[in-house]
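> Fold the following.
(chains A and B)
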Protein chains: 2
Amino acid sequence: MKIKEIKAIQDMDRVKRLNLINSITGISPANLVGTISNDLTENLSIFSSVIHIGSNPPLIGFILRPTEDNRGDTYENIIETNKFTINHIHSDMIERSHYTSAKFKKNESEFQKCQLTPEYLNSFQAPYVKESYVKIGLNLEDIHLIKSNGCRLIVGCIEHIYVPDNAIHKNGNIQLELLNSVGVSGLNTYYSLNKIAEYPYARVNDPFLKEA
Amino acid sequence: MKIKEIKAIQDMDRVKRLNLINSITGISPANLVGTISNDLTENLSIFSSVIHIGSNPPLIGFILRPTEDNRGDTYENIIETNKFTINHIHSDMIERSHYTSAKFKKNESEFQKCQLTPEYLNSFQAPYVKESYVKIGLNLEDIHLIKSNGCRLIVGCIEHIYVPDNAIHKNGNIQLELLNSVGVSGLNTYYSLNKIAEYPYARVNDPFLKEA
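Alright, predicted model coming up:
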């Protein structure tokens, strides 16, 4: 493949540039973040920025944009209640999940508008997504303001995990292919996943490196 | 699928728990981060934590763990030079990329040990990966210490992008499937990507929501 530098990124057409920069990092996980306000208004938003931060304590983060309305609700609800859920999107719920990003009114629930079902489990305050196969309940741990653009890294500590029993490999790995979990590229393109390789924990005396 | 709560996460076998928590977020992008020290020792490490942070300015972040040796080199090199590269991993370079996570000595180059080729473009100080189809050159913008576990969110501003011309859709989106870019789940499982859906920017007056 002939690889070329993309010149003058700043001067590109605004939408083309937005799509390029949003998709340049590669595939991202497609997740729904569920929250509720103290006056019981539910909110649900799709996020592609969920990342593993640590295993002990079990920490997960995601990036909240500064201005968009529904993301504003997610932020306010997390501040109010300290609780949020992360729910995997699978291949039968992509369209409904995608449209949670529309700018609904503050008193409208994305669950209802997008035909997804709030689910409350074990008295956890924030709603899970009933349709999701992997659901995580988190307690707010920390918020980091990214000064360069006003985004925030929200860090939560895992309190609950719900997952189909048969989707966990005996080594602990979640088997994404069995769950039809999907990935997202940029703002609007969704991908299914096919497992193609698995390697052991990399050690310097591994045969692969010895033979190199 | 019968979904069950995973009880007593803290009490699980250490390796099983590590794999579960590392894979619970869903698919992640598989990227190589290239750096060089002021005394010209190159370093290359695989990271699954690369995230889009903003488009204007174009910001990308990734999470650096606090203790592992080769990640320490990545951190020190970025502090020294302010420059790093992010390079997509495609399906023909997964094994070589995976083994960059072995704990080589400080004076050993993962490029040489793992049969990957450093490439210097347009006088940019940090090495790109010649074998990658998507290469990004970044300037260090900011570092956020995550107090809960000592990890750092490294934020870089994009200075250069190299990508095959025909892999950019006319709307600006990178076409991951054409590039054979892969995703990673947890610490050691790799997935290929198949595009299955694409939706327009979500507006509240979209027919999908009207009909709901």
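> is any part of stretch A:4-11 close to chain B?
Yes - Stretch A:4-11 is in contact with chain B by Cβ under 8 Å from any Cβ of the partner chain, via A:4-6, A:9. All C-beta spots, glycine's among them, are computed from the backbone N, C-alpha and C.
> swap that for stretch A:203-212, sorry
Yes - using Cβ under 8 Å from any Cβ, stretch A:203-212 reaches chain B at A:203-204, A:206, A:208-209, A:212.
> try stretch A:17-25
Yes - for stretch A:17-25, a contact with chain B is found by Cβ under 8 Å from any Cβ, at A:17-25.
> One more: stretch A:129-140?
Yes - with Cβ under 8 Å from any Cβ as the criterion, chain B is reached by stretch A:129-140 at A:133-136.
> Among the residues of stretch A:17-25 next to chain B, which one lies nearest to chain B?
A:N19 (3.3 Å; Cβ to the nearest Cβ).
> ok, the closest one to B:G172 distance?
Using Cβ to Cβ, to the nearest Å, we find A:N19 at a distance of 3 Å from B:G172.
> model confidence over the lengthiest helix in chain A, on average?
Counting residues, the longest helix found in chain A (DSSP state H) is helix A:69-81. In this model, helix A:69-81 carries a mean pLDDT of 84.
> other SSEs contacting it?
strand A:31-36, strand A:42-47, strand A:58-64, strand A:83-88, strand A:151-164 (3 or more Cβ pairs under 8 Å, 6 or more residues apart in numbering or on different chains; DSSP states H and E).
> Say whether chain B is contacted by the first one.
Put plainly, it is strand A:31-36. Yes - Strand A:31-36 comes into contact with chain B (Cβ under 8 Å from any Cβ), by way of A:N31.
> helices or strands up against that strand?
Looks like strand A:31-36 contacts strand A:42-47, helix A:69-81, strand A:83-88, strand A:128-129 (3+ Cβ pairs under 8 Å, 6+ apart).
> Neighbouring strands - and their directions - for it?
Sheet pairing of strand A:31-36 (DSSP bridges) gives strand A:42-47 (antiparallel), strand A:83-88 (antiparallel).
> likewise the last one?
With DSSP bridges as the test, strand A:151-164 is paired with strand A:58-64 (antiparallel), strand A:135-146 (antiparallel), strand B:3-5 (antiparallel).
> Would you mind getting the angle between it and helix A:69-81?
On the basis of axes from the mean of the first three to the mean of the last three Cα atoms, to 10 degrees, strand A:151-164 is oriented at 80 degrees to helix A:69-81.
> pLDDT on strand A:151-164, on average?
So the average pLDDT for strand A:151-164 ends up being 97.
> next one: the first one
Mean pLDDT, taken over the full extent of strand A:31-36, equals 98.
> Go through that strand and flag the buried ones.
For strand A:31-36, the neighbour count (16 or more other Cβ atoms under 10 Å in any protein chain shown) marks A:31-36 as buried.
> Off-centre distance for the lowest-mean-pLDDT helix or strand in chain A?
Sorted by mean pLDDT, DSSP states H and E, the helices and strands of chain A end with helix A:69-81, the least confident at a mean of 84. Centre-to-centre, helix A:69-81 and its host chain are 16 Å apart (Cα atoms, centre = their mean, to the nearest Å).
> which outside residues touch that helix?
A:33, A:35-38, A:41, A:43, A:45, A:64-65, A:84, A:100-104, A:106, A:110, A:125-126, A:140, A:152, A:154 (Cβ atoms under 8 Å, 6 or more residues apart in numbering or on different chains).
> I'd like the average pLDDT over the helix or strand harbouring A:N19.
Here A:N19, judged by DSSP states H and E, is contained in helix A:14-23. Helix A:14-23 carries an average pLDDT of 95.
> Need the winner for burial among the strands paired with strand A:31-36.
Per residue and on average, the most neighbours among the strands paired with strand A:31-36 fall to strand A:83-88, with a mean of 26 (mean count of other Cβ atoms under 10 Å in any protein chain shown).
> Not counting it itself, show me its contacts.
A:29-36, A:50, A:60, A:62, A:74, A:77-78, A:124-129, A:132-140, A:154, A:156, A:179, A:181, B:25-26.
> are any of those buried, and which?
Buried members of those, counted by 16+ other Cβ under 10 Å: A:29-36, A:50, A:60, A:62, A:74, A:77-78, A:124-129, A:132-139, A:154, A:156, A:179, A:181, B:25-26.
> Just the buried residues of stretch A:185-200, please?
For stretch A:185-200, burial by neighbour count (16+ other Cβ under 10 Å) applies to A:185-193, A:199.
> Now those in TSV, please, with extra columns for pLDDT, secondary structure and distance to B:D165.
As requested, those are exported to TSV (pLDDT from 0 to 100; DSSP: H, G, I helix; E, B strand; the rest coil; distance: Cβ to Cβ, whole Å):
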residue	pLDDT	secondary structure	distance to B:D165
A:S185	98	strand	18
A:G186	96	coil	18
A:L187	94	coil	22
A:N188	95	coil	22
A:T189	98	strand	19
A:Y190	98	strand	24
A:Y191	98	strand	22
A:S192	98	strand	26
A:L193	98	strand	27
A:Y199	95	coil	32
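> Of those residues, which ones also sit close to chain B?
A:185-193, A:199.
> Neighbours of the closest residue to A:D92 other than its chain neighbours, how many?
Closest residue to A:D92 apart from its sequence neighbours, by Cβ to Cβ, 6 or more residues apart in numbering or on different chains: A:N180 at 7.1 Å. Using other Cβ atoms under 10 Å in any protein chain shown, A:N180 has 17 neighbouring residues.
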